[in-house]
Each structure stands twice: as C-alpha cells, then as structure tokens.
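# Quick one: sequence and predicted model below, then my questions.
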Amino acid sequence: MSNSPELDPLDDLPWPKAGPSAHVSATIHKQCTKGLEPCRGPSAGHRMGLSLVVSFAAIAILLLLTHGAERHEETFHAALIGAAGWGIVQAVVLWVGFAKPPGRRWSAGARVAVALVFPLLFIAYVAFLAPEWVPFSDFLTAARLERTASCGVVGLIVSALASLGVLTLWRGTDPLNPGVSGALAGLVGGIGGGVAIGAACPTQEGWHAGVAHGLAVIAFVAFGWVVGRRLLAP
C-alpha cells in the first residue's frame, strides 16, 4: 500500500503577475539609459591598419634607439628590404585572422596552420640572410651565448610590446576562437619584433640570429594563444 502525497489546492492557482508598474518601469529605464548614446567600435580595416602601425612603430623605435651603433651594413640593408616583405606577410595574417567577423573567418584549423607555418618560414628567412655560420661548438662559448641572451631579451621586449599592442586593438572581438585569433595577433607582433632586432643587431651570425632573432616569433604565437583566450573573448 503506497501513500500518495496530498495535493495542495493552491498548486493549481495561477501565479500573480508581479513586477513594477508602468510608471516605475519607465523611470528605471530613463535613469539607466540617461546619457547613453549609440557607439560603433573601429572597423576591422581600421584595426588592421593600426595593427601594422604598431608593428612598424616597434621597428622604428628600436632602430632610433640603436642609431649610430655598429651594424653589418649589407645585412642591415637587406633587413630593411625584408621588413617591407614581412609587412605584407603581416597584412596577410591579419586578413586571414581578422578581416571577417567571427563565424565567417577561415576555419580554426586553417588559421592554426598559418600560426604554425609562418614562424618556421621566418626562422628560415633569418637563416638564409645570415652572412656567416660558425661551428656550433664555437657558438656555445660563453661570450657568444651571453651576447645571444642579451640580444634575445631585447627582441622579446620589443615583440611583447608589439604583440600586446595588436592584442589590445582586437580586444573583445572573438567569442568563438579567441585563442586562435590571439595566436595570429602574437604572430604579427612577434614578426615585428623579430624584424626589428634583426635590423638593429650588429651580430648576424647564423646561430645567433636564429636563436635571438627568430625564436621569439614562436614564443609570441604561444603568448598570443594564452593571452588571447582572455583578452579577445568578449
């Protein structure tokens, strides 16, 4: 024998319509929207242009700070020409990553491929540009490693400033794949920093350039992925 719970006769009664009166609702709406005006954020094209400006500003600032320093002139001129070419690459990365609104961009897999392939191409470019290569055992001497470390730190600082600038410009714009978009933003900033230190550094030996000038690009793709997941998500 089972005991069925007694039904409360009040359960079938409709819930009363609770809420503020029309006058109170109008007053709340008026107070909450007071002084608000419609505002449209910068367009994708505007943000892309500013992203390139940030990257080239990083190059210009470092070259200005190192003006008069000893440089390998032939490699320096080649680096300046290369900066223009890599500027085109940066524009392509921005177009792939940000030109269209979320949901209409290239697939996440294709954009991840861009974020992985272009850093390798940049390192290959740096290696190709190197006028000399010392034996690897010579590169591992204390003096060369110290110079590589100091140069790498400068490159990381410049890349960090450029990457953070690009990430900030695209803040809150990707609710779907903010990590992937952040990686591409970091790629743009990392290329800017890599080109800057490559042009400013007086040491263009291959091992040094590959480590101190090239690896930062990979580092800032990872940096952009991590930071972008927070900064680019609405």
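Right, received. Where do you want to start? Numbers count the residues shown, from 1 in each chain.

# next helix or strand past the lowest-mean-pLDDT helix or strand in the chain?
When the helices and strands of the chain are scored by mean pLDDT, DSSP states H and E, helix 22-32 comes last with a mean of 73. Counting by DSSP states H and E, the next helix or strand C-terminal to helix 22-32 is helix 44-65.

# relative orientation of the helix or strand just after that following helix and helix 44-65 in degrees?
Remark: after helix 44-65, the chain's next helix or strand is helix 73-98, criterion DSSP H and E. Using axes from the mean of the first three to the mean of the last three CA atoms, to 10 degrees, the inter-axis angle of helix 73-98 relative to helix 44-65 is 160 degrees.

# Report the mean confidence score over helix 73-98.
Averaged across helix 73-98, the pLDDT comes to 83.

# Which secondary structure elements does the following helix or strand past that helix sit against?
On the C-terminal side of helix 73-98, the closest following helix or strand by DSSP H and E is helix 108-129. Helices and strands touching helix 108-129, by 3 or more CB pairs under 8 Å, 6 or more residues apart in numbering; DSSP states H and E, are helix 73-98, helix 178-200, helix 215-231. (C-beta placed from N, C-alpha, C; glycine too.)

# quick one: helix 108-129 to helix 178-200, angle?
Using the same axes, to 10 degrees, helix 108-129 lies at 10 degrees relative to helix 178-200.

# Any chance you could list what contacts the next helix-or-strand element following helix 108-129?
For helix 108-129, the following helix or strand on the C-terminal side (DSSP H and E) is helix 136-139. Contacts to helix 136-139, defined as CB atoms under 8 Å, 6 or more residues apart in numbering, come from residues 144-145, 148, 205, 207-208.
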